[in-house]
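J.: Here is a sequence with its predicted model. Questions after.
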Amino acid sequence: MTFVAILIGLLPSFLLVGLGAILRPRLSLNAWQGLDKLNFEILFPALLFVAASQMPLELTKVVSIAPIVWLLLAVGLAVGYLARSFGPEVFRDFAAGWQTSWRFNTALAFIAVATTEKAGAGEMAVVVGMGVPMANALAVIVLSRGESLGLWGTVRKVALNPFLLASLSGVVVGLSGLRIPGPVLAPLEMLSAAAIPIALISVGATMNWGALARLDRFSGLICTTKLIVMPACALGLAVSLGLESGVAAALVIWAALPTASAAHVLAAGFGADRELAATLVAQTTLLGAASLTLWITLVEVVF
């Protein structure tokens, strides 16, 4: 049943990626790049802000969970870098793929956690709320460094990035307990609702379908880092630290999630290799249908 639930949760994403492949020849390259630009500047920032600001973040849980989440993201970053010698020679293009080793599919997080009684949406909300801004910050930093901007140029690029600004401002609102007025929230929700569908269609139009069915050393190491190494480390930390079962289960499931479709959008926004990022998004999503099910099953046994 867990496998079926995960597969059903991923099916809409698969269908939209396939739609992108069908629509690819009907739009010009400029049109696809324009969609990516719209997503980068407006739609995904709206999604990140709404998601973070509407999550019930409890300060006590944030303080205890945040360091573990950030440590696991650092593991994904460090292990993923081992693929450097197998990836693109241009650092910015490598960074486009590297970021997929630690980023995660937020929407799937709550579908996955609903398949087990070991973790609840509340724990997952805190984990995701702490993971989104840091994951985006790391991705923006590595892609900015690929532009050879120098220290000040990199700091400025990171500080003004719409993904990071939206994530951080959303977390601040979520922690403050402030309620966004309905007339203001409604248009933001309308924009955010369009972000993931457009991103997935663009992924399907951009990705290398021939490379999807085969893993080389670069993509194999990236997928292994995201789908095996990160959740294994999460499981080890949870057991060694004696974490409460709900928090422990949420951390393992979160760490096992496929990478985010936003990785393709961010790569396009920096002028990096969109095709590489899109293909890795699809590869981790397809492989994640099986690996995530196994991790959820293990969570039910261990916790």
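T.: Right, received. Where do you want to start? Residues are numbered from 1 along each chain as shown.
J.: Grab the longest helix from this protein for me.
T.: With DSSP state H setting the assignment, residue counts place helix 274-302 as the longest helix in the chain.
J.: Could you list the buried residues of that helix?
T.: For helix 274-302, the neighbour count (16 or more other CB atoms under 10 Å) marks 274-289, 291-293, 295-296, 298-299 as buried. All C-beta spots, glycine's among them, are computed from the backbone N, C-alpha and C.
J.: Same question for stretch 257-267.
T.: Going by neighbour count (16+ other CB under 10 Å), the buried part of stretch 257-267 is 257-267.
J.: May I see those residues organised as CSV, with distance to residue 145, secondary structure and pLDDT added?
T.: Conversion of the buried residues of stretch 257-267 to CSV gives the following (distance: CB to CB, whole Å; DSSP: H, G, I helix; E, B strand; the rest coil; pLDDT from 0 to 100):
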residue, distance to residue 145, secondary structure, pLDDT
257, 25, coil, 95
258, 25, coil, 93
259, 20, coil, 94
260, 20, coil, 88
261, 23, coil, 84
262, 19, helix, 84
263, 16, helix, 90
264, 19, helix, 89
265, 19, helix, 86
266, 14, helix, 88
267, 14, helix, 91
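J.: Kindly present those as a markdown table, with separate columns for distance to residue 248.
T.: Below are the buried residues of stretch 257-267 laid out as a markdown table (distance: CB to CB, whole Å):
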| residue | distance to residue 248 |
| --- | --- |
| 257 | 16 |
| 258 | 21 |
| 259 | 22 |
| 260 | 23 |
| 261 | 27 |
| 262 | 27 |
| 263 | 27 |
| 264 | 31 |
| 265 | 31 |
| 266 | 30 |
| 267 | 33 |
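J.: Could you single out the nearest of these to residue 216?
T.: residue 259 (16.8 Å; CB to CB).
J.: I figured the closest one was touching residue 284, is that so?
T.: Yes. Counting by CB atoms under 8 Å, residue 259 touches residue 284, with 4.6 Å between them.
J.: Now do the shared contacts for those two.
T.: 100, 226 (CB atoms under 8 Å, 6 or more residues apart in numbering).
J.: how about low-confidence regions in the protein?
T.: 1-2, 146-151, 153-154, 158 (pLDDT under 70).
J.: For it, just list every one of the strands.
T.: Assigned by DSSP state E, the chain shows no strands.
J.: Grab the nearest non-local neighbour of residue 265.
T.: Using CB to CB, 6 or more residues apart in numbering and skipping the chain neighbours, the partner closest in space to residue 265 is residue 39 (4.7 Å).
J.: and that neighbour, how many neighbours?
T.: 26 (other CB atoms under 10 Å).
J.: gap between it and residue 300?
T.: 36 Å (CB to CB, to the nearest Å).
J.: And residue 155, by the same measure?
T.: From residue 155 to residue 300 the distance is 44 Å (CB to CB).
J.: buried set for stretch 80-98?
T.: Going by 16+ other CB under 10 Å, stretch 80-98 has these buried residues: 80-81, 83, 87-88, 91-98.
J.: ok, those vs residue 215, which is closest?
T.: Using CB to CB, residue 83 comes nearest to residue 215 of the buried residues of stretch 80-98, at 11.5 Å.
J.: wait, doesn't that closest one sit right on residue 100?
T.: No. Between residue 83 and residue 100 there is no contact under CB under 8 Å: 10.4 Å.
J.: hey, what's in contact with both of those two?
T.: residue 222.
J.: how many neighbours does residue 217 have?
T.: So residue 217, with other CB under 10 Å, has 11 neighbours.
J.: Is it in contact with residue 223, as I believe?
T.: No. Contact criterion CB under 8 Å: residue 217 and residue 223 do not qualify, at 11.1 Å.
J.: Without its sequence neighbours, what residue ends up closest to residue 139?
T.: Leaving aside its chain neighbours, residue 139 sits nearest to residue 99 (4.1 Å; criterion: CB to CB, 6+ apart).
J.: Nearest spatial neighbour of residue 120, chain-adjacent residues omitted?
T.: residue 246 is the one closest to residue 120 (CB to CB, 6+ apart), at 5.8 Å.
J.: got a list of what the one you found touches?
T.: By CB under 8 Å, 6+ apart, the contact set of residue 246 is 118-120, 123.
J.: Could you tell me which of the residues you listed count as buried?
T.: If you count burial by 16+ other CB under 10 Å, the buried members of those come out as 118-119, 123.
J.: Present these as JSON lines; the columns should include distance to residue 111.
T.: JSON lines is the format used below for the buried ones among the contacts of residue 246 (distance: CB to CB, whole Å):
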{"residue": "118", "distance to residue 111": "15"}
{"residue": "119", "distance to residue 111": "13"}
{"residue": "123", "distance to residue 111": "15"}
